[in-house]
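# next come a sequence and a model predicted from it.
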Amino acid sequence: LELVRQKLQLLHDEAFIDLVRAAVVAVIPTPERAQEMFKRVGDKEEGLTVWIRAAAADGRLNTDDPLFASALLQGMVKGQAFWPQIALGHPVLTPPERDRLAQTATDMFLAHFAAQ
């Protein structure tokens, strides 16, 4: 839950949002540049994958693919609190909306991946 909250804090930083908007506009016409940019961004998200890999090794999460599990959790978060703001100009989520998203995404993730 804390990792998701930290991610939401970054995704709601206005300077970060402005930077991403500018980067997306710059790379849209060039798919090769877009792939390079998204790979670099993906490399920065390794912390969650590392945590999932360690939790799986410790028997606390049930996954043989930490990258996939991480992508699912981040997809839930970014689908509500990143891409709508970047692509559609939606306002950032309010603190109660962020808390609801963090709690719900974490609960859904653990409902599937938590070891029984």
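Alright, I've got the coordinates.
# which pLDDT value goes with the closest residue to L101 other than its chain neighbours?
Using C-beta to C-beta, 6 or more residues apart in numbering and skipping residues adjacent in sequence, the residue nearest L101 is Q80, 5.4 Å away. Any C-beta I mention is one placed from the backbone N, CA and C, and that applies to glycine too. We have a pLDDT of 95 for Q80.
# check T106 too.
97.
# burial of it, as a residue count?
T106 has 18 neighbours, counted by other C-beta atoms under 10 Å.
# contacts only, for the residue nearest to it when sequence neighbours are not counted.
Leaving aside its sequence neighbours, T106 sits nearest to L1 (C-beta to C-beta, 6+ apart; 4.6 Å). With contacts defined as C-beta atoms under 8 Å, 6 or more residues apart in numbering, L1 is in contact with A102, Q103, T106.
# wait, the first one sits on Q6?
No: with contacts defined as C-beta atoms under 8 Å, A102 does not count as touching Q6, sitting 9.5 Å away.
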